[in-house]
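Peer 1: I need the structure of the sequence given here:
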Amino acid sequence: MDSGIRLSIVIPAWNEEAGIARTLETLLRLTAERGDTEIIVSVSGDDRTEAIAGTYPVSVCRSEKGRAVQMNAGAKLASGAVLYFLHADTTPPPSFRDDILSAIGRGAEAGCFQMTFDDDDWLMQLYGWFTKFPLQLCRGGDQSLFITHELFRRIGGFDKRLRIMEDIEIIERIQRHAAFHILDSTVVTSARKYRDNGTIRLQAIFGTIHLMYALGFSQEDMLGFYRKSIR
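Peer 2: Next up, the predicted model:
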């Protein structure tokens, strides 16, 4: 039976009690009076994220830890023809819903937004500027991901074995089946991790992880490097 839902927003959340309320309030405001949009929060961790999310008119599910696993768990509950995976600390543009559905209407099956940071520092803005380019090195989960439900099923969803670089790996598989589109509008994501770890140092770490992935390093090696390097 047709649920009437066109767009399902899936948010993987691990110990996001500090920011999940703000994220949900923003999304509910942007999708108000849109009866064809649903929000699903896929929670792991042991803080109050699940309890806080449960006070809003959204669906909440509990999952094992791991962004790929959590996003797959949220997608299982989704009834929309289009899935939109959004990190809990990323804010989409006000027009995001229309941007996605318009792209789908033009024949797109998957893509992402460009990205900027909530920090006016010129270097942070430069990092964001590079997300307009269709290069794998410029991609990341913070740019969010939209994909038709049908294509998501066809490629088998996120690889649940991955604990890192899952967002890059799924784009590679998408591109074997369909073009990947970078939309003109921009999401805003938190620069907190850059402030905590140093703007140049953290970008160098991310670049190293991309290189390790391209060279075929194991998940354990990449995850170990990430945990050792990032606060």
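Peer 1: does anything pack onto the strand or helix carrying residue 169? Which helices or strands?
Peer 2: Element membership for residue 169 (DSSP states H and E) is helix 166-174. Here helix 166-174 touches helix 67-77, strand 145-148, going by 3 or more Cβ pairs under 8 Å, 6 or more residues apart in numbering; DSSP states H and E. In short, each C-beta sits where N, CA and C put it, glycine included.
Peer 1: for the first one, which positions count as buried?
Peer 2: If I follow you right, that is helix 67-77. For helix 67-77, a neighbour-count test (16 or more other Cβ atoms under 10 Å) marks 67-75 as buried.
Peer 1: any chance of those in a markdown table, with distance to residue 39 and pLDDT too?
Peer 2: Shown next, in a markdown table, are the buried residues of helix 67-77 (distance: Cβ to Cβ, whole Å; pLDDT from 0 to 100):
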| residue | distance to residue 39 | pLDDT |
| --- | --- | --- |
| 67 | 17 | 94 |
| 68 | 20 | 96 |
| 69 | 19 | 97 |
| 70 | 14 | 97 |
| 71 | 14 | 97 |
| 72 | 17 | 98 |
| 73 | 15 | 97 |
| 74 | 10 | 97 |
| 75 | 13 | 98 |
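Peer 1: and residue 40, which of the three is it?
Peer 2: Under DSSP: H, G, I helix; E, B strand; the rest coil, residue 40 falls in the strand class.
Peer 1: apologies, that question was intended for residue 43.
Peer 2: Secondary structure, three-state DSSP: residue 43 is strand.
Peer 1: that one and residue 115: what is the separation?
Peer 2: Noted for residue 43: a distance of 24 Å to residue 115, by Cβ to Cβ, to the nearest Å.
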